[in-house]
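*Asks:* Sequence and computational prediction follow.
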Amino acid sequence: MTSSSPEVNARGARGTSVEADLGWALGVVFRRYAKAAAEALDDVPGGPRGYQVLATTVSEGPKRQLDLAAQLGVDRTVMTYLLDDLEKAGLVQRQADPADRRARLIVPTAQGEETLCDLEGRLADREDAVMGSLDDGERMVFRMLLKRIAVQADQVDPLHNACVLAEEGVDPADT
């Protein structure tokens, strides 16, 4: 088989077309999803990061500000400004940690929980549009396989802080 042959190679890729390149495919899907998600979250303070803070505090309960920043890979200074904006919007509150009065727990408000429900619906609609060429079974398999790859990749090369990538001149979309 030559490099210009349209036959399927051992990896299941056809020929040498750009569509057969994993990096190209991941990049295209990620860009489409990132753009759709940003549109769905455009009225949330901090956009996708603000959504992640809200989703994490609702699903996992109150977290210390520094722990939340570490979990989400957000610089602690950036997290402070992000929480200021989320608090002004009435989506979260900072409360004293009973175990350490110097620390602050980030707690979702009732408005934050309602907002999260709306945001999850918007994101589901955008995800449906991105994965529109797959039926429900294919979507389930795709998510399962992607999660497995992502968990393994994160174990090999964890992203502790997205701000470090920015300082190094690396676009997080390229990682």
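*Replies:* Sure, I can see it.
*Asks:* quick one: contacts for Pro45?
*Replies:* Leu82, Asp85, Leu86, Lys88, Ala89, Leu91 (C-beta atoms under 8 Å, 6 or more residues apart in numbering). Backbone N, C-alpha and C define where each C-beta goes, glycine included.
*Asks:* before we move on, what about Ala124?
*Replies:* No contacts exist for Ala124 under C-beta under 8 Å, 6+ apart.
*Asks:* How about the one 3 residues further on?
*Replies:* With contacts defined as C-beta under 8 Å, 6+ apart, Glu127 is in contact with Tyr33, Ala36.
*Asks:* ok, now how distant is it from Pro98?
*Replies:* 38 Å (C-beta to C-beta, to the nearest Å).
*Asks:* can I see the domain layout of the protein?
*Replies:* Segmentation of the chain into domains, based on automatic domain parsing, reads 21-130, 133-175.
*Asks:* Quick one: end-to-end length of the longest one, please.
*Replies:* Start-to-end span of domain 21-130 (C-alpha to C-alpha, to the nearest Å) is 19 Å.
*Asks:* Doesn't Arg104 belong to a strand?
*Replies:* Yes - with DSSP: H, G, I helix; E, B strand; the rest coil as the criterion, Arg104 is part of a strand.
*Asks:* so how many other residues sit close to it?
*Replies:* 20 (other C-beta atoms under 10 Å).
*Asks:* Chain neighbours aside, what residue packs nearest to it?
*Replies:* Arg94 (4.3 Å; C-beta to C-beta, 6 or more residues apart in numbering).
*Asks:* Low-confidence bits of the chain, can you list those?
*Replies:* For the chain, the stretches with pLDDT under 70 are 1-16, 159-175.
*Asks:* mind listing the strands for it?
*Replies:* Using DSSP state E, the strands assigned to the chain run over residues 63-64, 92-97, 100-108.
*Asks:* re earlier: deepest-packed of the domains of the chain, please.
*Replies:* Of all the domains of the chain, domain 21-130 has the most neighbours on average by mean count of other C-beta atoms under 10 Å, namely a mean of 16.
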